[in-house]
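Q: need a structure here:
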Amino acid sequence: MDKPGPVQKIVDAVVDAVSEDGHPEVQVPGAPSVGPPSLAEPTEPRAPLAPKPDQRAPAPLSATGRGAGAAGEVRAQSGGFLTTAQGARLPDSDHSLKAGPRGPVLLQDHHLREKITHFDHERIPERVVHARGAAAHGVFQGYGTAAGVTRAAFLAEGVETPVFVRFSTVLGSRGSADTVRDTRGFATKFYTNEGVFDLVGNNIPVFFIQDAIKFPDVIHAGKPHPDREIPQAQSAHDTFWDFVSLHTEATHHTIWNMSDRGIPRSFRMMEGFGIHTFRLVNADGASTLVKFHWKPKAGVHSLVWEEAQLINGMDPDFHRRDLADAIEAGNFPQWELGIQTFPDTPEQTFRGIDLLDPTKIVPEELAPVQPIGLLTLNANPTNYFAETEQVAFHPGHLVPGVDVTDDPLLAGRLFSYLDTQITRLGGPNFAQIPINRTHAPVNDMLRDGFHQDAVHSGVAPYKPNSLDGGCPFFAGAGDHAFIEHPTPVAASAKVREAPASFADHYSQPRLFWLSLTPVEREHVIAAYTFELSKCFEQAIKERTLQVLANIDTYLCAQVAQGLGLPAPQRSEQLADPQPSPALSQLGHTWPTTGRVIGIVADPSSDLDAVRQVRDAARRAGLLPLLIAPTGVPLADDLPVQRTFAATRSVEYDALVIAGPLLPAADEHGARDAKSGVAGPASQVDSRVALLTNEAYRHAKPIAALPGTEAVLTAAGADPAAPGVIAAEDTDAVITELTGLLASHRVWERFPAAVN
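A: Now for the predicted structure:
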């Protein structure tokens, strides 16, 4: 039977209102409620009262005019015809309404006005920080291992919770590049059955400042210079280094940023940290202090600096493309959520480390990270603006069992995030935007405001009330209420001070430096040298060298040498911490599923060998991409994914060279500026030589099939160097490549002067 139309619904409502004798029931107008209120305040919880018989809400349709029962995605646009925003079908959208073909445009053209006006208002303010981001949908599954420390339902064993995760850079605008040296945001929205929980963190476990009142200062210093709006999306300039060299509590975050952590290989290969110490509360009301960690299943890997620079010119969307492509290919990124736990003592310290200081870490050797759940990203957004751009995170979005501490940086974030969403998203109802909507029932008594999508019933959005039957009612602990942990507060005076423990700005940067391998230390030296070389003011360089002298004498001396300046003497005693191997990205092996292999071939290559390598790579869970002179398939079953002219080594984790790869028809400088690297007399396409040379210098595995010796020679690659494979058995080639990729790079190929 067809559903009744709107006219029939009105008729039915009139019939229902008619009494048995055929006359309408007389209602005395003005009654505020469907039933008389009780004399005393109601105490029994019940559902909200229904509307009065004379009231009717708008039809329950989506923003695009579709009913909740419609097939498919109800929020998406539908219908086969172009329409106005009101659903009127349009015969033309190419021409304004004019007085004759050459006449003036008429003011009555309502379609022109609607189309242009909407276009003029399509943009909203971008985020002040974390403006450039990429995101994905997924699912989180609790292990149940956190049951002893928290009653949060989403962490119970086997519970699956939908999530939306946004990765981002901090300093750059929406139009900046992905692979700049910067901190990365790692924000996760859990749509739990107890409400939304937002874990809003970074890929670096510490922050530049200890108190939120300094947040405008550090961001103003890191952003482009206000006079010229340059440099974009980077910290290699005077104002940043002026701030961090004067405000030395930033030293720990800065050295992390100057390490390889500042240029991750992929969002999929990036750790995440909650930064602050949080408080978990279990079913018995006992509390535990914790730090949150995201551990990528693929391991923590980074780019080398030259790769980052190449990518920013070749593919500024490298990280967002990598994330979307991996999900589309079925290589779903995964992270384990883990916690470090600490007793909730009045001092809130652990092994002498102040847990309320966001510039400090607790080494994992002192407090191991305990896995409590698995995050899998398995779907890309449908619409970037509606989801990735409009998603609104807030550290104050908490659920029962998770609470905050007195970290002074966290306290400011609890205010700032909510405040900025109201401006950026046009009002206080941003939680009703589809990507932000909770999956738990909402009865908040919040009313009106810009973009109010809900149609609330009742007349008493206040507490206490009797007109709405007392609704909504307060929940108790047994009703899964969010109840702040009753933490004792010591008697004190109001002061603008910091604890004495916050004054140690150098011991943990030294811990980080001493925990790195020699090749990682070389990268830190190079990063400081490059960044400070971009500074104009000599005093800023000298002041920063003084900071480095208080971290490590050798680090300071090497950076000073690169700047052509004398190395100063330290002004503080060097700390003597125990190195933490967990802080190094090297020394481990990781799964290689989804790693990208470039197979370089041309029509003269052994195509059977190419097929065998490609198929073996697929069986190993790798993603093989065929690189050839043009996009024409090398055979019916050998489609080409990349060409010599349109690729660089940064796209690949390893290369397989198949064939002599003679110069192609377009290999000349006027056509492709990459040409000519191998020299005019070379019998190898110079772009292939450059591709191989870069992969070799960036310590990536290279497999050379028989007959490719000339390519290695043209690329300056030593066939006997570590990670250069020469084998005729294609299965053996992929097996060896996969083994090398488990360590991400062939690190032995990097010479390191640091001892």
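Q: okay but Val281 is in contact with Thr150, surely?
A: Yes - in this structure, Val281 sits in contact with Thr150. The criterion is Cβ atoms under 8 Å, and the distance is 6.4 Å. In short, each C-beta sits where N, CA and C put it, glycine included.
Q: which neighbours do those two share?
A: With Cβ atoms under 8 Å, 6 or more residues apart in numbering applied, the overlap between the contact sets of Val281 and Thr150 consists of 288, 401-402.
Q: Relative to Gly352, which of the residues you listed is nearest.
A: Of all the shared contacts of Val281 and Thr150, Gly352 sits closest to Thr288, with 19.1 Å by Cβ to Cβ.
Q: and the helix or strand in which the closest one is found, what other elements does it pack with?
A: With elements taken from DSSP states H and E, the one containing Thr288 is strand 287-296. In this structure, strand 287-296 packs against strand 195-202, strand 272-273, strand 278-281, strand 334-343, with contacts taken as 3 or more Cβ pairs under 8 Å, 6 or more residues apart in numbering; DSSP states H and E.
Q: Make TSV out of the ones you listed and add mean neighbour count, mean pLDDT and distance to Pro660.
A: Putting these into TSV (neighbours: other Cβ atoms under 10 Å; pLDDT from 0 to 100; distance: least, Cβ to Cβ, whole Å) gives the following:
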stretch	mean neighbour count	mean pLDDT	distance to Pro660
strand 195-202	22	97	48
strand 272-273	23	98	46
strand 278-281	23	98	60
strand 334-343	20	98	41
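Q: Can you lay out those as JSON lines showing distance to Pro381?
A: Shown next, in JSON lines, are the helices and strands packed on strand 287-296 (distance: least, Cβ to Cβ, whole Å):
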{"stretch": "strand 195-202", "distance to Pro381": "17"}
{"stretch": "strand 272-273", "distance to Pro381": "19"}
{"stretch": "strand 278-281", "distance to Pro381": "28"}
{"stretch": "strand 334-343", "distance to Pro381": "19"}
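Q: just so I know, which of those strands lies nearest Phe482?
A: Taking Cβ to Cβ, strand 195-202 is the member of those nearest to Phe482, at 7.5 Å.
Q: next helix or strand past the closest one?
A: The C-terminal neighbour of strand 195-202 among helices and strands, as given by DSSP H and E, is helix 215-222.
Q: tell me which residues in that following helix are buried?
A: 215, 218-219, 221-222 (16 or more other Cβ atoms under 10 Å).
Q: closest to Arg543 among these?
A: Comparing those against Arg543 with Cβ to Cβ places Ala221 closest, at 13.7 Å.
Q: Now do the same contact list for the closest one.
A: Under the criterion of Cβ under 8 Å, 6+ apart, the contact partners of Ala221 comprise 239-240, 242-244.
Q: quick one: which of those residues sit in strands?
A: Assigned to strands by DSSP state E, none of the contacts of Ala221 qualify.
Q: Which members of these occur in helices, if any?
A: 239-240, 242-244 (DSSP state H).
Q: Most neighbours among these, which one is it?
A: For those, counting by other Cβ atoms under 10 Å, the largest number of neighbours falls to Phe240: 27 neighbours.
Q: Just to check, that residue is in contact with Gly222?
A: Yes - counting by Cβ under 8 Å, Phe240 touches Gly222, with 5.1 Å between them.
Q: Any figure for the gap between the residue lying closest to Lys674 once chain neighbours are set aside and Gly313?
A: Setting aside the residues directly before and after it, Lys674 is nearest to Arg687 in space (Cβ to Cβ, 6 or more residues apart in numbering), at 4.7 Å. Using Cβ to Cβ, to the nearest Å, we find Arg687 at a distance of 16 Å from Gly313.
Q: Which one's more surrounded, those two?
A: More neighbours sit around Arg687 than around the other of Arg687 and Gly313, counting by other Cβ under 10 Å; the figures are 29 against 9.
Q: dump the residue contacts of the more buried one.
A: Under the criterion of Cβ under 8 Å, 6+ apart, the contact partners of Arg687 comprise 644-645, 667, 672, 674-675, 677.
Q: Export these as TSV, with columns for pLDDT.
A: Rendered in TSV, the data for the contacts of Arg687 read as follows (pLDDT from 0 to 100):
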residue	pLDDT
Phe644	95
Ala645	94
Glu667	88
Asp672	86
Lys674	84
Ser675	83
Val677	57
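Q: By neighbour count, which of those wins?
A: Using other Cβ under 10 Å as the neighbour test, those are led by Phe644, with 25 neighbours.
Q: Quick one: the strands in the stretch 501-650 of the chain, in order.
A: In chain order, the stretch 501-650 of the chain shows strands spanning 596-600, 623-628, 642-643, with DSSP state E, counting those that start in this stretch as the criterion.
Q: Deepest in the core, which of those is it.
A: The densest packing among the strands of the stretch 501-650 of the chain, expressed as mean neighbour count by mean count of other Cβ atoms under 10 Å, is seen in strand 596-600 with a mean of 26.
Q: related to what we said a few turns ago, would CSV of the contacts of Ala221 with distance to Leu511 and pLDDT be doable?
A: CSV is the format used below for the contacts of Ala221 (distance: Cβ to Cβ, whole Å; pLDDT from 0 to 100):
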residue, distance to Leu511, pLDDT
Thr239, 28, 97
Phe240, 23, 97
Asp242, 26, 97
Phe243, 23, 97
Val244, 18, 97
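Q: Ala658: which of those is nearest?
A: Taking Cβ to Cβ as the measure, Phe240 is the one of these closest to Ala658, at 45.9 Å.
Q: Give me the distance between that closest one and Lys291.
A: The value you get for Phe240 to Lys291, if Cβ to Cβ is used, is 27 Å.
Q: Then Leu90?
A: The gap separating Leu90 from Lys291 is 56 Å, by Cβ to Cβ.
Q: One more: Leu548?
A: With the distance defined as Cβ to Cβ, Leu548 ends up 27 Å from Lys291.
Q: more neighbours, these two?
A: For Leu548 and Lys291, the more surrounded residue by other Cβ under 10 Å is Leu548, and the numbers stand at 31 against 23.
Q: which ones are touching the residue nearest to that one when sequence neighbours are not counted?
A: Distances taken as Cβ to Cβ, 6+ apart put Cys556 closest to Leu548, at 4.0 Å, once the chain neighbours are dropped. Cys556 is in contact with 545, 548-549, 567-568, 570, counting by Cβ under 8 Å, 6+ apart.
Q: Closest to Val139 out of these?
A: Nearest to Val139 among the contacts of Cys556, counting by Cβ to Cβ, is Leu548 at 44.2 Å.
Q: Tell me if I'm right that the closest one and Leu555 touch.
A: Yes - the pair Leu548 / Leu555 is scored as a contact, 5.4 Å apart, by Cβ under 8 Å.
Q: what is in contact with the two at once?
A: Tyr528.
Q: doesn't the residue nearest to Lys674 fall inside a helix?
A: Yes - using DSSP: H, G, I helix; E, B strand; the rest coil, the secondary structure at Arg687 is a helix.
Q: Relative to His276, how far out is it?
A: Separation of Arg687 from His276 (Cβ to Cβ): 48 Å.
Q: center of the protein - which residue?
A: With distances taken as Cα atoms, centre = their mean, the chain has Phe167 as the residue nearest its mean C-alpha position (0.9 Å).
Q: which residues does that residue bridge with?
A: When assigned by DSSP bridges, Phe167 has beta-bridge partners Ala134, Phe186.
Q: pLDDT weak spots in the protein?
A: Low-confidence segments of the chain (pLDDT under 70): 1-28, 54, 68-72, 74, 677-682, 752-755.
Q: If we use 50, what do you get?
A: Across the chain, residues meeting the criterion (pLDDT under 50) sit at 1, 6-7, 10-11, 14-15, 17-18, 678.
Q: Ile327: neighbour count?
A: Using other Cβ under 10 Å, Ile327 has 20 other residues around it.
Q: looking at it, it is touching Ala136, isn't it?
A: Yes - taking contact to mean Cβ under 8 Å, the distance of 5.9 Å between Ile327 and Ala136 places them in contact.
Q: between those two, what contacts are shared?
A: With the criterion set as Cβ under 8 Å, 6+ apart, the overlap between the contacts of Ile327 and Ala136 is 333, 377-380.
Q: so can I have a markdown table of the residues you listed showing distance to Ile627?
A: Shown next, in a markdown table, are these (distance: Cβ to Cβ, whole Å):
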| residue | distance to Ile627 |
| --- | --- |
| Pro333 | 25 |
| Leu377 | 28 |
| Asn378 | 29 |
| Ala379 | 29 |
| Asn380 | 25 |
